[in-house]
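Participant: With the sequence up front, the predicted model follows.
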Amino acid sequence: MSSIEQPRVTYKQLLTFFIPLGIASSLVTISHVIINSTLARSANPEIIIASYALPLSILGITERPAVLMRQTCSALVRDRVSFRAMSIISWYILAAIMLLGALICYTPVGKWVFLHFFGVEESLLQPMVDVYKILMFVSIFSGLRCLYHGIIIFNMRTKWLTIGMVIRLIAMYVLSLYFIHTNQVDSGKVGAIIFLTGMVVEAAVSVWEGRSLLKQIPEKKPDHPIEKPKQIFQFYRPLLYSSVIAVIVGPAINAFLGKTMDFQLAVAAFAIAGSLTNLVQSFFSYIHQIVLNFYRKDSQTVMRFTLMLAFIPGLLIAMLAYTPLGPLFMQNVMGVNERLMHASLDTLRVFMITTLVFPWLDFGNGMIMLRGQTKVMVWSQAANVTVTLISLVLGVMWSPGWNGMIGALAQSLGLAAEAAVVWFVLRELWKTSDKLPERMTFKT
């Protein structure tokens, strides 16, 4: 008789774990809808939305190190000792984010970024700095949220991510109504206050549930190797480096779209098609968590479950791109004119490559994190950026009339290159070992 086998994972367990994560990720987009619709009620909506949107783009960069705490905590924290090590790294990360925020808000660095990097008018400079003085705290509460999300995800209580997001949206909507009905929508700071309030509420829910779960986990799990902050940082650092490299992609695509035959049409079509692609993909952006939490228990079921999910984003985009549903949605919901609609549909068809590649890239990244080999992600992200830039150059040289499709093709090919590197490394690792090691190895 063989030793007692570990019970297999069921599809019900995987769905119960995965669906709340997908819903929470999809609901994030509603946050920005609430804020933009509030600012649109102002007397000068174009100016006020612009004064909020550009500082928000900086937040997208400074928040990245905080968001990576979710994957790190989910992958490494299994007892209170490892959580304390994770907490020390987290406070260093949050302190660095605060320092960067202070440099932008209270030194000439911020003025240089807005005036020379973004090219804003002098009259918008101070309003944008004032908005970022509020938004910089969003990164801090986002980091706290993500730290405890890791605990919640590992303990299979993913419904609390959805609950936290729903409560966040309610708080944001109520505050939005207050500003509208009291006629106080007079600056971009209103959007920043709404966003910060929502993030504080979501962080509070995550901390409350996460702290209660911490009381239930052991002080020290005998077979868990993570004990020191430097072991956490060994895993986290490559994630950070790859994230910094990825920042190049967005600005590069926008810059090259400016060299197409119709700049405004190209940017608008890429933005619309990209937002729809992101909306569809966001629901499926937690496949790596399925790998981290279930692959060792039942690899075959996880593979079959991923295979079931992998083609859904592509099918959804195909429905929008090749059936009357897409034009109906763009014209009646998004208010897009016919010329822009056709350009957006053409761009959306190219983005199908992204939707077919992304689930397998996310699965591969989950395997890389499960093995503790996050340094691979630096090289895979570098391959993404390199192929994206080459594709942009060639696209603009050979076919500038493709407009927004150039950006979609470059982004898709970059993603495919990233996935190729990840799966090449995994293939080599599988050659040298019959199975995954029982635990991650870290330098002590």
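Facilitator: Done, it's in. Numbers count the residues shown, from 1 in each chain.

Participant: Counting neighbours, what do you get for residue 314?
Facilitator: 19 (other CB atoms under 10 Å). The C-beta positions use only the backbone N, C-alpha and C, and glycine is treated the same way.

Participant: Show the subsequent helix or strand relative to the helix or strand harbouring it.
Facilitator: Residue 314 is located in helix 312-322, with elements delineated by DSSP states H and E. Later in the chain than helix 312-322, the nearest helix or strand by DSSP H and E is helix 325-332.

Participant: ranges for the strands of the chain?
Facilitator: Applying DSSP state E to the chain gives no strands.

Participant: can you give me the helices in the stretch 201-350 of the chain?
Facilitator: For the stretch 201-350 of the chain, the helices defined by DSSP state H, counting those that start in this stretch occupy 229-246, 249-257, 263-282, 287-294, 299-310, 312-322, 325-332, 338-370.

Participant: Residue 47 touches residue 120, doesn't it?
Facilitator: No: the pair residue 47 / residue 120 is not scored as a contact, 10.8 Å apart, by CB atoms under 8 Å.

Participant: Dump the helix holding residue 314 to CSV, keeping only the CA atoms.
Facilitator: Provided in CSV are the C-alpha atoms of helix 312-322 (Å, rounded to 0.1, in the frame of the first residue of the first chain):
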residue,chain,number,x,y,z
ILE,A,312,-12.7,32.6,-23.1
PRO,A,313,-11.1,36.1,-23.4
GLY,A,314,-10.3,35.5,-27.1
LEU,A,315,-13.9,34.4,-27.7
LEU,A,316,-15.3,37.4,-26.0
ILE,A,317,-13.1,39.8,-28.0
ALA,A,318,-14.1,37.9,-31.2
MET,A,319,-17.8,38.5,-30.4
LEU,A,320,-17.1,42.2,-30.1
ALA,A,321,-14.8,42.4,-33.1
TYR,A,322,-16.7,40.2,-35.6
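
Participant: Just the buried residues of that helix, please?
Facilitator: 313-314, 316-318, 320-321 (16 or more other CB atoms under 10 Å).

Participant: Distance from it to the middle of the chain?
Facilitator: 21 Å (CA atoms, centre = their mean, to the nearest Å).

Participant: likewise stretch 234-250?
Facilitator: Centroid separation between stretch 234-250 and its chain, computed with CA atoms, centre = their mean, is 12 Å.

Participant: buried residues in it?
Facilitator: 234-243, 245-246, 248-249.

Participant: can I get the residues you listed in CSV with pLDDT and distance to residue 354?
Facilitator: Converted to CSV, the buried residues of stretch 234-250 look like this (pLDDT from 0 to 100; distance: CB to CB, whole Å):
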residue, pLDDT, distance to residue 354
234, 92, 31
235, 92, 27
236, 93, 27
237, 92, 27
238, 92, 23
239, 90, 21
240, 91, 24
241, 91, 23
242, 89, 18
243, 87, 19
245, 86, 18
246, 84, 14
248, 80, 17
249, 83, 12
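
Participant: Report the two of those residues separated the most.
Facilitator: Pairwise distances among these were taken by CB to CB; the largest, 26.0 Å, belongs to 234 and 249.

Participant: so what secondary structure elements neighbour the helix holding residue 314?
Facilitator: Judged by 3 or more CB pairs under 8 Å, 6 or more residues apart in numbering; DSSP states H and E, helix 312-322 is in contact with helix 263-282, helix 325-332, helix 338-370.

Participant: For the ones you listed, give me JSON lines that also has distance to residue 21 and mean pLDDT.
Facilitator: Formatted as JSON lines, those follow (distance: least, CB to CB, whole Å; pLDDT from 0 to 100):
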{"stretch": "helix 263-282", "distance to residue 21": "10", "mean pLDDT": "83"}
{"stretch": "helix 325-332", "distance to residue 21": "25", "mean pLDDT": "85"}
{"stretch": "helix 338-370", "distance to residue 21": "12", "mean pLDDT": "92"}
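
Participant: Export these to JSON lines and append columns for mean neighbour count.
Facilitator: As requested, the helices and strands packed on helix 312-322 are exported to JSON lines (neighbours: other CB atoms under 10 Å):
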{"stretch": "helix 263-282", "mean neighbour count": "20"}
{"stretch": "helix 325-332", "mean neighbour count": "15"}
{"stretch": "helix 338-370", "mean neighbour count": "21"}
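
Participant: one step back: pick the one among the buried residues of helix 312-322 closest to residue 35.
Facilitator: Nearest to residue 35 among the buried residues of helix 312-322 is residue 320, at 24.8 Å by CB to CB.

Participant: Any figure for the gap between that closest one and residue 338?
Facilitator: 16 Å (CB to CB, to the nearest Å).

Participant: Residue 414 touches residue 388, doesn't it?
Facilitator: Yes: contact criterion CB under 8 Å: residue 414 and residue 388 qualify, at 3.3 Å.

Participant: list residues touching both of these two?
Facilitator: With contacts taken as CB atoms under 8 Å, 6 or more residues apart in numbering, residue 414 and residue 388 have residue 249 as neighbours in common.

Participant: Same list (the helices and strands packed on helix 312-322) but as TSV, adding distance to residue 143.
Facilitator: Putting the helices and strands packed on helix 312-322 into TSV (distance: least, CB to CB, whole Å) gives the following:
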stretch	distance to residue 143
helix 263-282	20
helix 325-332	35
helix 338-370	19
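
Participant: Looking at the ones you listed, spot the one closest to residue 196.
Facilitator: Comparing the helices and strands packed on helix 312-322 by CB to CB, helix 263-282 comes nearest, at 21.8 Å.

Participant: OK, contacts around residue 385?
Facilitator: 245-246, 248-249, 252, 414.

Participant: And these, which is closest to residue 146?
Facilitator: residue 246 (17.1 Å).

Participant: if I pick the closest one, what's in contact with it?
Facilitator: Residue 246 neighbours (CB under 8 Å, 6+ apart): 381, 384-385.

Participant: Give me the pLDDT for residue 110.
Facilitator: Note on residue 110: pLDDT of 85.

Participant: Please tell me how far residue 163 sits from residue 14.
Facilitator: 20 Å.

Participant: More neighbours: which of the two?
Facilitator: residue 14 (21 against 17).

Participant: Look up the closest residue to residue 359, ignoring the ones flanking it.
Facilitator: residue 310 (4.0 Å; CB to CB, 6 or more residues apart in numbering).

Participant: my guess is the one you found meets residue 357, correct?
Facilitator: No: contact criterion CB under 8 Å: residue 310 and residue 357 do not qualify, at 9.6 Å.

Participant: tell me, what's touching these two both at once?
Facilitator: By CB under 8 Å, 6+ apart, no residue touches both residue 310 and residue 357.

Participant: ok, back up a step: TSV please, covering the buried residues of stretch 234-250 and showing distance to residue 282.
Facilitator: As requested, those are arranged in TSV below (distance: CB to CB, whole Å):
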residue	distance to residue 282
234	29
235	25
236	23
237	26
238	24
239	19
240	22
241	24
242	20
243	17
245	22
246	16
248	22
249	17
